[in-house]
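*Asks:* Generate coordinates for the sequence data below:
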Amino acid sequence: MTPINVLSHWSSMILPAVLIAALAVFLPLWLAKKLPENMAGLGANLLASSGVLLFVSVLYFTWFYLDQDVRMMGMMYEHFGEMLRHLTRLGMLSAILWGPILLAVLAMQPSKWRPEL
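*Replies:* From the prediction side, this is the model:
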């Protein structure tokens, strides 16, 4: 593998995966400071974090497809519903990466709660 191919692989696949994994750690921690320390807050954190991570994943796959071939823009415009469904499916498959991280971070949240006195 040439150095240019390694760099291309790093910037197109590995770096986005690391960034999404980091977002899966820091987003629920940040939201935990804003939400109440109870099960409803934990559930809201799970839903909000999952939604944001899914949205970011879909945006990444959209960018990745458009970066591969500019003609994809026309195809996305002509077949918007099908492309949105396909990109959303890819975003959901990316939950294999960020889902366990998100669940691990959220599972540790109750241990940080302070009891009301």
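
*Asks:* other SSEs contacting the longest helix along the chain?
*Replies:* Identified as the longest helix of the chain according to DSSP state H is helix 39-68. Secondary-structure packing of helix 39-68 (3 or more C-beta pairs under 8 Å, 6 or more residues apart in numbering; DSSP states H and E): helix 15-34, helix 72-78, helix 80-93, helix 95-108. All C-beta spots, glycine's among them, are computed from the backbone N, C-alpha and C.

*Asks:* Would you format the ones you listed as CSV with distance to Leu59 and mean pLDDT included?
*Replies:* Converted to CSV, these look like this (distance: least, C-beta to C-beta, whole Å; pLDDT from 0 to 100):
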stretch, distance to Leu59, mean pLDDT
helix 15-34, 10, 94
helix 72-78, 13, 79
helix 80-93, 9, 91
helix 95-108, 14, 95
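
*Asks:* ok, Ala95 - contacts?
*Replies:* Ser50, Leu53, Leu54, Ser57 (C-beta atoms under 8 Å, 6 or more residues apart in numbering).
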